[in-house]
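>>> Could you work out the structure for the sequence below:
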Amino acid sequence: MKKFAKSSWGVLKRSVVNFVEGSSFTHASSIAFYTIFSLPAILLISLSLGSTLFERADVQRELISQVSSLIGLGSAMEIENILLNAARHTDTWFARVVGIITLVVSATSVFLSLQISINQIWKIKPKPKRGIIKFLINRLLSLAMVISMGFVLMVSLVVDTLLVMFQERLSDNLGGITLVFVTSFNVVMSLLFIAILFGLMFKMLPDAKIRWRDVWVGSLVTTALFTSGKFLIGLYLGSSSLNSAYGAAGSLVIILVWVYYSALIFLFGAELTYVYTKEIGSGIEPYTNAVRVETIQIEKKPAPPQHVAQS
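Coordinates of the predicted model:
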């Protein structure tokens, strides 16, 4: 137990040092920037997938409810307006084709940014050859992540529906105990869905091989950090004057700030996963289309004075 605690402390300490000394803050800014432009496409695809089993209005209501619990009602309404504008149909087939292509490219851009960030944190770099094939594969992987988000949303809605039915059947017999049980189960399932999403990102996005055992350790720790950070970010945004300071753009700025801090938490989780699997786990190996990157610092010695060199 003492050895495990010492190893865990070492992993945490090294992760913090790497996180501060690395480029995580720059990567988080890039992710937040791409997310703002990708948000309508991601929400629209998730909404379309969820609508395969449920009414579109119910899925949208659940989506906005989840967003509202994270970043507030005002920003959630802004996202709802973005979603309504993005869902408007065009008249010509050419415009629809262009719209679909734009939708896919926009939705996958944020996951490409995440992939680049994780690769750099894990010291992995794709080989430059076969650039077009690699580009298409990355887009397909990113699209798969968007579809996975929609699938997780759909499963979440199914679980919520079953919980409501379960609560209605047991409320007459168990009373208040049912509410406690359903609430606790709902929280556990929400954390599980978040952990699955993080696990899929750590497993699918980077150009590296990592064991599922190490992935789940990293995703569970990242989920715990994300859940705690979500609460703290909510307190900060609720007490700050960002909304009033930026006027009409306040809701958009709040979304941007929330995504930025959330990206920082995710990238720290990626850093912690890398350090854990390197020092305790099974390690990370690059795919055949990628190479490991080693950073070497070289200090150039100052040239000797001119008179010394002549003598």
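>>> mind showing which ranges of the stretch 201-311 of the chain have poor pLDDT?
By pLDDT under 70, the low-scoring segments of the stretch 201-311 of the chain are 237-250, 300-311.
>>> redo that, cut-off 90
201, 203-209, 217-218, 221-263, 265-266, 278-311 (pLDDT under 90).
>>> Please enumerate the strands of it.
Along the stretch 201-311 of the chain, counting by DSSP state E, counting those that start in this stretch, strands occupy 208-209, 285-286, 290-292.
>>> Please name every helix or strand in contact with the second one.
Secondary-structure packing of strand 285-286 (3 or more Cβ pairs under 8 Å, 6 or more residues apart in numbering; DSSP states H and E): strand 208-209. Placement of C-beta: from N, CA and C, glycine included.
>>> still on that earlier bit, can you say which of the strands of the stretch 201-311 of the chain is packed in most?
The highest average neighbour count among the strands of the stretch 201-311 of the chain, using mean count of other Cβ atoms under 10 Å, belongs to strand 208-209 at a mean of 18.
>>> Touching that strand from outside, list them.
Residues outside strand 208-209 that contact it (Cβ atoms under 8 Å, 6 or more residues apart in numbering): Asn119, Trp122, Ile124, Ile284, Glu285, Pro286, Tyr287, Ala290.
>>> Show me where the stretch 51-200 of the chain dips below the pLDDT cut-off.
Along the stretch 51-200 of the chain, segments meeting pLDDT under 90 span 51-116, 125-200.
>>> ok, how many other residues are close to the closest residue to Val217 other than its chain neighbours?
In space, Val217 comes closest to Tyr276 once its chain neighbours are excluded; the distance is 6.0 Å by Cβ to Cβ, 6 or more residues apart in numbering. Using other Cβ atoms under 10 Å as the criterion, Tyr276 is surrounded by 20 other residues.
>>> likewise Val105?
For Val105, which is what you asked about, the neighbour count (other Cβ under 10 Å) is 15.
>>> again with the one 4 residues further on
Applying other Cβ under 10 Å, we find 20 residues neighbouring Ser109.
>>> So it sits against Ser38, correct?
Yes. When contacts are counted by Cβ atoms under 8 Å, Ser109 is listed as touching Ser38 (5.1 Å).
>>> rewinding a little: right, and the residue nearest to Val217 touches Val11 too?
Yes. With contact taken as Cβ under 8 Å, Tyr276 and Val11 are classed as touching, separated by 5.2 Å.
>>> Buried residues, the helix or strand containing Ile36. List them.
If you go by DSSP states H and E, Ile36 is part of helix 24-50. When neighbours are counted by 16 or more other Cβ atoms under 10 Å, the buried residues of helix 24-50 are found to be 24, 27-35, 38-47, 49-50.
>>> Kindly report the same for stretch 279-290.
Of the residues in stretch 279-290, those with enough neighbours to count as buried (16+ other Cβ under 10 Å) are Gly281, Ile284, Pro286, Ala290.
>>> Please name every helix or strand in contact with the helix or strand hosting Leu83.
Leu83 is part of helix 73-86, with elements assigned from DSSP H and E. Identification of packing neighbours for helix 73-86 by 3+ Cβ pairs under 8 Å, 6+ apart yields helix 24-50, helix 56-71, helix 250-279.
>>> now the strands for the stretch 51-200 of the chain?
Counting by DSSP E, counting those that start in this stretch, the segments of the stretch 51-200 of the chain that form strands are 124-126.
>>> quick one: contacts for the residue lying closest to Trp122 once chain neighbours are set aside?
For Trp122, ignoring the flanking residues on the chain, the nearest one in space by Cβ to Cβ, 6+ apart is Tyr274 at 4.9 Å. If a contact means Cβ under 8 Å, 6+ apart, then Tyr274 has Ser15, Asn18, Ile121, Trp122, Lys123, Ile284 as its contacts.
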